[in-house]
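*Asks:* Generate a structure from the sequence data that follows.
(chains A and B)
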Amino acid sequence: MTETLTSKKLAITFFFCLLALVVVMALCAVVGTQKISLAKALSGPADTPGENIDYEILMGVRLPRVILAALVGGALACCGVVLQAILRNPLADPYILGISSGAGLGAIIAVLSGLTWRFWGGSPIAVFAFVGALITVWLVWGIGHLAGAGKSQVTTLLLAGVVVNAFFAAVIMFLTSIAKSDQIHSTIFWLMGNITEKNRSVLLVSAACIIAGIIALFSICHRLNVLTFGQDQAKALGVDTAVTQITAFGLAAFITAIAVSLSGLIGFVGLIVPHAVRLVFGPDHRRLLPVSAIIGGAFLVVADTIARTIVAPAQLPVGVITAIAGGPFFLILLAKYSRKVSWLK
Amino acid sequence: MSSIIKVENLSFGYTPQSAVLKNFHFKVDRGAFVCIAGPNGAGKTTLLNLLCGLLSPNTGYIEIDSEPIGSYSVRKLAQKIAVVRQEFVPVFDFTVTETVSMARTPYLGRLGFETKPDIDIVKEALQITDTAQFASRTLATLSGGERQRVFIARAFAQDTPILLLDEPTSLLDLKHQVAIYDLLKTAQRQKGKTIVAITHDINLAAQYCDKVLLLGADRNYRVGSAENVFSTEQIEKVFGVKTFTGRVGQEKFFIPLGKFAKDCPQIYKNFNSGMQK
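*Replies:* Now for the predicted structure:
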């Protein structure tokens, strides 16, 4: 990318990516174990429920699930982009600051306590996971700041994240080992990451939050560019680093927590998608973030389609597919582009 | 001539017990080329960080363009001062154009896209610094000298009256050292930029700058013309190394002498008198 990025060029790129996402989503909505007739499904709802099954499957089951996958995938990819930039570390992913273990701990506590209420259509697992994730990020951020007042802040933050993750992982294992076996299955399934049907209000509220969060992140993308050069240089270039960092961390933690409460821990998307997009489109965050959102969404939609069809009628956790498919795919990209990427040398 | 940088009665220490700078006064005239020299740990980079607002003084105050430095927002200060740091390779693979374009950050609107005038300024900076030829390459593929020129291009594109540089030539060969200083001198003369550069090369400093600040590890300092400040006694005292001072026409030059260089003074004396004739 030799030329300076303009809003017009970005709009064109974004439009074509969005088009591709819509096509992928449409295709994946049609594919499934239960064959549906597209003509019949698109003919609209029948007068009596249950008469036009094809329509109900498409609109009531497949489409919400495809939209959910696109949302979660986009959210995780964006948070990966942002955390890699803020921590100046290509290995960062949305879970690096303790979100995974915090959410996992919340989820397992919810399972063990045997709660059954529902909150805005969310199960106790989702609510506890969301709260657990946010508390843990706040904890990690606090420890990181307490320990690293000064220049090595980024490193101490990473270390705090790793340590808290390890500690909570141990607590999770402890709780799992004393839990009854019938409780364990739902916890493990949740920990592996899962896209399941959600009711409409949950979907709408989380979609609004995630999209608003991504738009807010987009508005600080030019500052993220400068921040990857380090705090000193960013300040010299007129970026209020503290404000930018807190905004980025806060938004990324919030979006990830929503994604986690929707679908558990889906690995690899937040790590691989930003890298793949960076290899093809370059590191400019003003393009990297929106394109990653779309590619991340498309990637998870495809992965989820595979997860629900490959061992039909059973379903795999989508996290298994993202890891199995994502790893080799990333290696191919790496082999092809690695000579152009400095940190691999 | 008015001073664009004014430091008065400044004291700064990283811990309360040890002051790096003490009762420090310093002025830089608008459009001047000032070099800061001194041994390691004398506080050169600390002073630079104070001047660009990265550190705050314990006591005393700093004025940039007649306003106290604290009254500037980060963004406004970045429109006054550009900083070039020592050799640096970024984490992600930005191209030269992308890197230099970031200089426009303090002028961008809400969404942060460069406008046509921004792009023109970036192009001009690439041209002046002779970096346009590798504009589409990534920073990691450049040599140290090329990369340093890119960061100087970025500082030019930031379009600030003041340029602060921390050892801009520390890793460069002789040709590139001179090239960088020529570039800075040209910017000073043609654009009226005020340049403050930290350097370990007192020969280059003496050649290019209007004024030098010599910081000692003992917290004493001297300010003045290179002719006055860089005397054999001063340099030997401040750097703690025996030095031979020669002269070619108007230009003074200094050669540090190690313990294995016993015969050198005589040789240089002969050379010197030969040149004088």
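
*Asks:* For the nearest residue to A:Ile188 once chain neighbours are set aside, grab the count of nearby residues.
*Replies:* Counting by C-beta to C-beta, 6 or more residues apart in numbering or on different chains, A:Ile188 lies nearest to A:Thr176, which is 7.8 Å off, once chain neighbours are set aside. (Each C-beta comes from the backbone N, C-alpha and C, glycine too.) If you count neighbours by other C-beta atoms under 10 Å in any protein chain shown, A:Thr176 ends up with 17.

*Asks:* three-state assignment of A:Val291?
*Replies:* Three-state assignment for A:Val291 (DSSP: H, G, I helix; E, B strand; the rest coil): helix.

*Asks:* where does the nearest residue to it once chain neighbours are set aside land in three-state SS?
*Replies:* Leaving out its chain neighbours, the residue that sits closest to A:Val291 by C-beta to C-beta, 6+ apart is A:Val277, at 5.1 Å. Following three-state DSSP, A:Val277 is assigned to helix.

*Asks:* any idea how far A:Val277 lies from A:Ile306?
*Replies:* To A:Ile306, A:Val277 is 21 Å away according to C-beta to C-beta, to the nearest Å.

*Asks:* So for these two, which sits in the more crowded spot?
*Replies:* For A:Val277 versus A:Ile306, neighbours defined as other C-beta under 10 Å are more numerous around A:Val277 (26 against 19).

*Asks:* Now do that one, the pLDDT please.
*Replies:* A:Val277 is assigned 91 on the pLDDT scale.

*Asks:* who are the neighbours in contact with the residue in the stretch 51-200 of chain A positioned nearest to chain B?
*Replies:* Closest to chain B within the stretch 51-200 of chain A is A:Arg88: 4.8 Å, counting by C-beta to the nearest C-beta. The contact partners of A:Arg88, taken as C-beta atoms under 8 Å, 6 or more residues apart in numbering or on different chains, are A:154, A:227-228, A:230, B:91.

*Asks:* thinking again about what came up before, didn't the residue nearest to A:Ile188 look like it was pressed against A:Ile184?
*Replies:* Yes: counting by C-beta atoms under 8 Å, A:Thr176 does reach A:Ile184; the two are 6.0 Å apart.

*Asks:* Low-confidence ranges, the chain, go.
*Replies:* This is for chain A. A:1-3, A:116-122, A:148-152, A:197, A:336-345 (pLDDT under 70).

*Asks:* To clarify, I was referring to chain B.
*Replies:* Scanning chain B with the threshold set as pLDDT under 70 gives B:1, B:87, B:262-277.

*Asks:* outside of whatever helix or strand A:Ala103 lives in, which residues touch it?
*Replies:* Assigned by DSSP states H and E, A:Ala103 belongs to helix A:99-113. With C-beta under 8 Å, 6+ apart as the test, helix A:99-113 has contacts from A:123-125, A:127-137, A:139, A:164-169, A:171-172, A:175-176, A:179, A:183, A:186-187, A:190-191, A:253, A:256-257, A:260-261, A:264-265.

*Asks:* Check which residues of the helix or strand just after that helix are buried.
*Replies:* Next along the chain after helix A:99-113, taking DSSP H and E as the criterion, comes helix A:124-147. The neighbour-count check on helix A:124-147 (16 or more other C-beta atoms under 10 Å in any protein chain shown) flags A:124-141, A:143-144 as buried.
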